[in-house]
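this is a predicted model, with the sequence first.
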Amino acid sequence: MNESLVLERARTAGLRDIADKVLARVRLDQDDALRLYAADDLNVVGALADLVRRRMHGNRAYFNVNQHINYTNLCNKLCSFCAFQRLPGQPGAYCMTPDEAAQKIRERLHEPVTEVHMVAGIWPKLPYSYYLDLLRAVKAARPSIHVKAFTMVEIDEIARVAKKSLPEVFAELKEAGLDSLPGGGAEIFAERVHQEIFPLKIGADRWLEIAREAHRAGLRSNCTMLYGHIETLEERVDHLNRLRELQDETGGFQTFIPLSFHPDNSDMAHLPAPTAHDDLKNIAVARLFLDNVPHVKAYWIMLGIPVAQMALSFGADDIDGTVTEERIYHDAGATTPMAMSRKDLVRLLHDAGFEPVERDTLYNVIAVEESVA
Ligand code: V47
């Protein structure tokens with residue numbers, strides 16, 4: 001949609017003042033975000049987000065060649081939305097040794113993997129040395145790999161077992177091989193939702209404090225929001241706003257990933273999953289509101305391939321990577337494949353009308369794929 005058509009459609013949808021702000025590059029406020037969430041006309045919200053996305057990234061769509069390692073599903077946080085967690089003795093419970101995790105890396109040495117995304121449950125019996133050994137083992141197996149590991153929730157646990165301050169822990173984890181942090185574990189910052197569905201896990205203030213310290217330690221991170229369960233639109237906006245405020249302070253977030261709730265096999269399996277309409281709305285509102293976060297990711301594993309492709313025209317500029325062996329969403333009923341080849345990712349982005357760009361974790365360009373084999 002060109003600008004004048006977007007403005008016309010925005011006027012009809014009662015969003016003309018917001019569209020004027022977007023075109024004039026004026027920051028949206030929380031009330032604007034709420035109106036965008038509540039708007040019936042998804043296309044106009046998406047078209048506005050697409051204008052911003054093209055201003056920032058042109059026709060490029062980013063992906064990477066990565067692999068996921070979920071080193072344990074043992075977890076004592078008992079979050080109601082999670083289908084991945086196990087207690088010892090439950091069917092399927094596992095905990096990899098550092099060498100078993102390294103073996104997962106060695107199995108893919110023949111592939112051009114640049115990043116390992118390593119997250120897991122919270123298991124207090126794991127000593128501090130386990131996390132350091134895990135990083136060292138993975139790095140030793142493939143020294144060139146970028147290790148994006150441990151959510152703020154895991155860092156909280158690691159600092160607790162280490163009995164050390166966050167700056168000390170970050171320095172030692174970096175020394176052992178940590179390169180950046182993923183964005184998980186933020187869920188929804190509203191205390192009401194925290195108390196209701198993940199009361200044993202850290203809340204907003206601690207998550208944001210750890211992200212701040214990570215950024216101060218020179219580590220970049222991502223950020224997320226888990227939507228489509230019991231949260232209100234106001235609580236989504238509050239969440240985005242708290243992320244935007246921290247980003248104003250540190251500039252350390254690279255990418256925002258809206259995480260679409262998958263209810264299957266969780267204690268919240270009675271809830272319906274978010275619709276594609278809601279998925280696209282979340283991508284679009286995030287792109288418009290988070291004006292200081294460079295990238296918005298449509299995580300294909302979670303959204304499914306068709307919605308992820310559409311999301312690229314609704315504000316997203318990244319779809320994550322080849323992944324390999326994803327467990328958190330597949331335990332919660334994801335029907336997407338567990339992995340995709342580099343060639344298939346390139347085709348998926350190309351078929352959606354974008355120029356596929358392979359990036360490393362820090363968004364340095366590795367290859368621009370102008371044509372598809
Ligand atoms: O922290 C858990 C969420 C997160 C469910 O940083 C669920 O590049 C939906 O954070 N339905 C882990 N969501 C995934 C994550 C992530 C994914 C891809 C890329 C990046 C990145 C980060 O998944 C958890 C939790 O918030 N989650 N269970 C569920 N049933």
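Everything's here; your move.

three-state assignment of the residue of the chain found nearest the ligand?
Nearest residue of the chain to the ligand: residue 184, at 2.5 Å (CB to the nearest ligand atom). C-betas here are computed from N, CA, C, even on glycine. Secondary structure, DSSP: H, G, I helix; E, B strand; the rest coil: residue 184 is coil.

not counting its neighbours along the chain, what's nearest it?
residue 151 (4.2 Å; CB to CB, 6 or more residues apart in numbering).

who are the contact partners of the one you found?
Listed by CB atoms under 8 Å, 6 or more residues apart in numbering, the contact partners of residue 151 are 119, 181, 182, 183, 184, 185.

give me the pLDDT for the residue nearest to the fourth one when sequence neighbours are not counted.
So the one you mean is residue 183. In space, and not counting its chain neighbours, residue 183 is closest to residue 222: 3.1 Å by CB to CB, 6+ apart. Looking at residue 222, its pLDDT stands at 98.

ditto for residue 372
69.

and residue 148, by the same measure?
98.

and it, what helix or strand is that in?
Assessed by DSSP states H and E, residue 148 sits inside strand 146-149.

what residues does this protein have near the ligand?
81-83, 151, 182-185, 187, 222, 224, 226, 257, 259, 261-262, 266, 299, 320, 328, 332 (CB under 6 Å from any ligand atom).

in what helix or strand does the residue most central in space within the chain lie?
The residue lying closest to the centre of the chain (CA atoms, centre = their mean) is residue 257, at 3.5 Å. Per DSSP H and E: residue 257 is located in strand 253-260.

next one: that strand to chain centre, how far?
4 Å (CA atoms, centre = their mean, to the nearest Å).

ok, now stretch 165-177?
22 Å.

list the contacts of that stretch.
131-133, 135-136, 138-139, 147, 150, 155, 158-159, 162, 164, 178, 209-210, 213-214, 216-219.

from these, which land in helices?
Filtering the contacts of stretch 165-177 for membership in helices, criterion DSSP state H, returns 131-133, 135-136, 138-139, 155, 158-159, 162, 209-210, 213-214, 216.

if any of those residues are buried, put those into a ChimeraX selection.
Buried members of the ones in helices among the contacts of stretch 165-177, defined by 16 or more other CB atoms under 10 Å, are picked up in ChimeraX with:
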select :131,132,133,135,138,139,155,158,159,162,210,213,214
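
go through the ones in helices among the contacts of stretch 165-177 and name the one nearest residue 347.
residue 138 (29.7 Å; CB to CB).

what score does the closest one have for pLDDT?
At residue 138, the predicted lDDT confidence score is 98.

what of residue 161?
pLDDT at residue 161 comes out at 98.

check the one 5 residues further on too.
As predicted, residue 166 sits at a pLDDT of 98.

where does the stretch 201-350 of the chain have low pLDDT?
Across the stretch 201-350 of the chain, the ranges flagged by pLDDT under 70 are 338.

at 50 instead, please
Scanning the stretch 201-350 of the chain for pLDDT under 50 picks out nothing.

which stretches of this protein form strands?
60-64, 66-69, 115-118, 146-149, 180-181, 220-227, 253-260, 295-296, 318-321, 355-359, 365-368 (DSSP state E).

C-alpha coordinates for the fourth one, CSV please?
Right, strand 146-149. The C-alpha trace of strand 146-149 is given here as CSV (Å, rounded to 0.1, in the frame of the first residue of the first chain):
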residue,chain,number,x,y,z
HIS,A,146,28.2,-17.8,18.6
VAL,A,147,26.8,-19.0,21.9
LYS,A,148,23.4,-17.3,22.5
ALA,A,149,22.4,-18.9,25.8
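
and it, what does it pack against?
Counting contacts by 3 or more CB pairs under 8 Å, 6 or more residues apart in numbering; DSSP states H and E, strand 146-149 packs against strand 115-118, helix 128-141, strand 180-181.

same question for the third one.
Secondary structure elements in contact with strand 115-118, counted by 3+ CB pairs under 8 Å, 6+ apart, are strand 66-69, helix 128-141, strand 146-149.

list of residues touching the second one?
The one in question is helix 128-141. With CB under 8 Å, 6+ apart as the criterion, helix 128-141 contacts 69, 71, 98-99, 101-103, 105-106, 109, 116, 118, 145, 147, 149-150, 154, 158, 161-162, 164, 172-173, 176-178.

and these, which are buried?
Using 16+ other CB under 10 Å, the buried ones in those are 69, 71, 98, 101-102, 105, 116, 118, 145, 147, 149-150, 154, 158, 161-162, 172-173, 176-178.

just the CA coordinates of stretch 157-176, formatted as CSV?
Provided in CSV are the C-alpha atoms of stretch 157-176 (Å, rounded to 0.1, in the frame of the first residue of the first chain):
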residue,chain,number,x,y,z
GLU,A,157,19.3,-19.1,38.9
ILE,A,158,23.0,-19.2,37.9
ALA,A,159,23.8,-16.1,40.0
ARG,A,160,21.9,-17.7,42.9
VAL,A,161,23.8,-21.0,42.8
ALA,A,162,27.1,-19.2,42.2
LYS,A,163,26.4,-16.9,45.2
LYS,A,164,27.9,-14.1,43.1
SER,A,165,26.8,-10.7,41.8
LEU,A,166,25.4,-10.3,38.3
PRO,A,167,28.5,-8.5,37.0
GLU,A,168,30.8,-11.2,38.3
VAL,A,169,28.6,-14.0,36.8
PHE,A,170,28.4,-12.3,33.4
ALA,A,171,32.2,-11.8,33.4
GLU,A,172,32.8,-15.5,34.1
LEU,A,173,30.1,-16.7,31.7
LYS,A,174,31.6,-14.5,29.0
GLU,A,175,35.1,-15.9,29.8
ALA,A,176,33.6,-19.5,29.4
